[in-house]
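> Requesting a structural model of the entry that follows:
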Amino acid sequence: MGNDIFQGYKGKALEVLKKYNTRVWGQAEVQTTRGLFKGTVLPRSENDDDQHIVLKIETGYNIGIDIETITDMAETGYKKANYKIPEKEFPYTEGLPKVKLFGTGGTIASRLDYRTGAVIPAFSPGELYGAVPELADICNLDTEKVFAVFSENMGPSQYIALAKAIGKEIEKGIDGIVIGHGTDTLHHTGAALTFMVQNSPVPIVLVGSQRSSDRPSSDAALNLMHAMTTAGHSDIAEVMVCMFGPTSDEYGLLHKGTRVRKMHSSYRSTFRTIGDTPLAMVTRKGVTPIKKEYKPRRKDKEVKILPYFSDKVTMLYYYPGMKPDILDAMVEAGYKGIVFIGTGLGHVNKELYPAIERAQKKGVHMFMTLQTLWGYVHMFVYDTGRDMMAKGIIPAGNMLPEVAYIKLGWVLGQTDDPEEVKRLMLTPVNDEITEREPYNGYLVYQGGVPEVENFIRNVHK
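As a prediction, this is how the structure comes out:
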């Protein structure tokens, strides 16, 4: 057998495959000291060890088998898998709304690369339809791949390009817009588009998935269907993030782009609204508002595109014992805006005060947010807060740290005048600062206590 049929295998693992005449993509029965396993032998990453054989079992999941446990192996069939989904032309249906899907990359538009073992942004928006044909029952879809990057590579230039592209589509009369995006920085882009695309007459929905399309538990298809339903049929004309509500497939939630945050590394229900309630619930049947007040859909094509951003903005997460040289270094590097993420009601240690004063004298715009995420900055309560305000730090209400960073970049892209910067930062565009937190805006349940365990067992998970 040639090495081309042992993709990625080396050393001892390669010797085992050759010994039992089993190929990559071969259906195999593998007898081990832990029992019998059946599945398809998968390629291995170039960077992996030589101690395991990888099988895709019939459930769709991949398992690694330690070669030291293998006592016998037999190839029972062979069929090379095709992990590329073909593009399909989207059908047109009279009477359905027109939705534009912008692809940026991320897990919702990805596949597994068996050369490296990594998930890569390789699906075009057209391929997404090939994977989720149900979309044709929801809307008439036009697609465009704007970027093909993971969300950590999204930034100001991508925000600006997306805002301009959205403006053009609205001018053409589109009924709704969906943006496929990686989840890691989805909330950053949601905030950026809220500020850059104002007074939209149609829904603008950012959507991603926590698990790639080749996994049985992938949330990609359902999230896409929910997003398309929202974009085409919802009356809510705002920038929203659409992801799973509970961990099950029951419904999705729509979150404001300025009040949403990713809160778990792997749960499908990772996104939640902070300091408020979500905008709405969504299923394939439609959208059910949770909040009574929202910006409604309109029939005109008017929209305000404000594609500005200064990259001379940063965040400083305070920790006990922080030294002033860190802040000095940011100022020396030319940063003109700094968002502090402070403790408690908005505090940092007194050792930073001289550096804060130096930053103020150099015209650096400084705002305070909270590590607690929930709650408001209150710098009038203690003398430390009053001292910092006297030295130029401005409290940012209950604005989330990442939202404050995005908004300050957007503001400094337009003006450097201190009073105008302050006015724009503290004037809400869409609830990035709210007057009060509703009674149900802060819900963090602690597992293990009787009342919560009872709720989980008997009410919902």
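
> Could you check how many residues crowd around K168?
The local packing count at K168 equals 12, with neighbours defined by other CB atoms under 10 Å. The C-beta positions use only the backbone N, C-alpha and C, and glycine is treated the same way.

> Secondary structure element for it, which one?
Counting by DSSP states H and E, the secondary-structure element that holds K168 is helix 156-172.

> what's the angle from the following helix or strand past that helix to helix 156-172?
Downstream of helix 156-172, the first helix or strand assigned by DSSP H and E is strand 176-180. In this structure, strand 176-180 runs at an angle of 160 degrees to helix 156-172, with axes from the mean of the first three to the mean of the last three CA atoms, to 10 degrees as the basis.

> helices and strands of this structure: which one bottoms out on pLDDT?
In the chain, the helix or strand scored least confidently by mean pLDDT, DSSP states H and E is strand 118-120, which has a mean of 53.

> For the chain, which residues score under the pLDDT cut-off?
Within the chain, the ranges that satisfy pLDDT under 70 run 1-4, 45-47, 80-88, 106-107, 109-128, 212-216, 460-461.

> Could you break it into its assigned domains?
The record's domain parsing of the chain by automatic domain parsing lists 3-78, 98-305, 313-426.

> Contact partners for L424?
Contacts for L424 were tallied using CB atoms under 8 Å, 6 or more residues apart in numbering; they are K407, V411, Q414, T415.

> tally of neighbours for the third one?
To tie it back to what came earlier, the one meant is Q414. Residues within reach of Q414, counting by other CB under 10 Å, total 14.

> Are we agreed that it is in a helix?
No. The assignment for Q414, made by DSSP: H, G, I helix; E, B strand; the rest coil, is coil rather than a helix.

> Not including adjacent chain positions, what is the nearest residue to it?
Using CB to CB, 6 or more residues apart in numbering and skipping the chain neighbours, the partner closest in space to Q414 is Y308 (4.8 Å).

> circling back: okay, the contacts of L424 in CSV with distance to P278 next?
Converted to CSV, the contacts of L424 look like this (distance: CB to CB, whole Å):
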residue, distance to P278
K407, 21
V411, 27
Q414, 30
T415, 33
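
> top of these by neighbour count?
Scoring the contacts of L424 on neighbours with other CB under 10 Å, the highest-scoring entry is K407 at 29 neighbours.

> Quick check: which element contains it?
Under the assignment given by DSSP H and E, the secondary-structure element containing K407 is helix 401-412.

> Report the buried residues of that helix.
Judged by neighbour count using 16 or more other CB atoms under 10 Å, the buried positions of helix 401-412 are P401, E402, V403, A404, Y405, I406, K407, L408, G409, W410, V411, L412.

> got the angle for that helix vs helix 156-172?
Regarding helix 401-412 and helix 156-172, their directions subtend 80 degrees when assessed with the same axes, to 10 degrees.

> can you list the residues that contact helix 401-412?
Contacts with helix 401-412, where a contact means CB under 8 Å, 6+ apart, come from 156, 187-188, 191-192, 195-196, 258-259, 261, 306, 308-315, 317, 336-337, 339, 341, 365, 367, 369-371, 373, 396, 399, 421, 424-425, 429, 432.

> Dump the following helix or strand past it to CSV, keeping only the CA atoms.
Counting by DSSP H and E, the next helix or strand C-terminal to helix 401-412 is helix 418-426. Taking only C-alpha atoms (Å, rounded to 0.1, in the frame of the first residue of the first chain), the coordinates of helix 418-426 have been written out as CSV:
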residue,chain,number,x,y,z
PRO,A,418,-13.0,66.1,24.5
GLU,A,419,-16.5,67.4,25.1
GLU,A,420,-17.9,65.9,21.8
VAL,A,421,-16.2,62.6,22.6
LYS,A,422,-17.9,62.6,26.0
ARG,A,423,-21.2,63.6,24.6
LEU,A,424,-21.2,60.9,21.9
MET,A,425,-20.0,58.2,24.3
LEU,A,426,-22.7,58.9,26.9
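
> so helix 418-426 versus helix 401-412, what angle?
Going by the same axes, to 10 degrees, helix 418-426 makes 140 degrees with helix 401-412.

> Following element in sequence after helix 418-426, please.
As assigned by DSSP H and E, the chain's next helix or strand after helix 418-426 is helix 450-458.

> give me phi/psi at M196?
Note on M196: its backbone torsions stand at phi -90, psi -20 [degrees, to the nearest 10].

> same thing with G342?
Phi and psi for G342, reported as degrees, to the nearest 10, are phi -100, psi 170.
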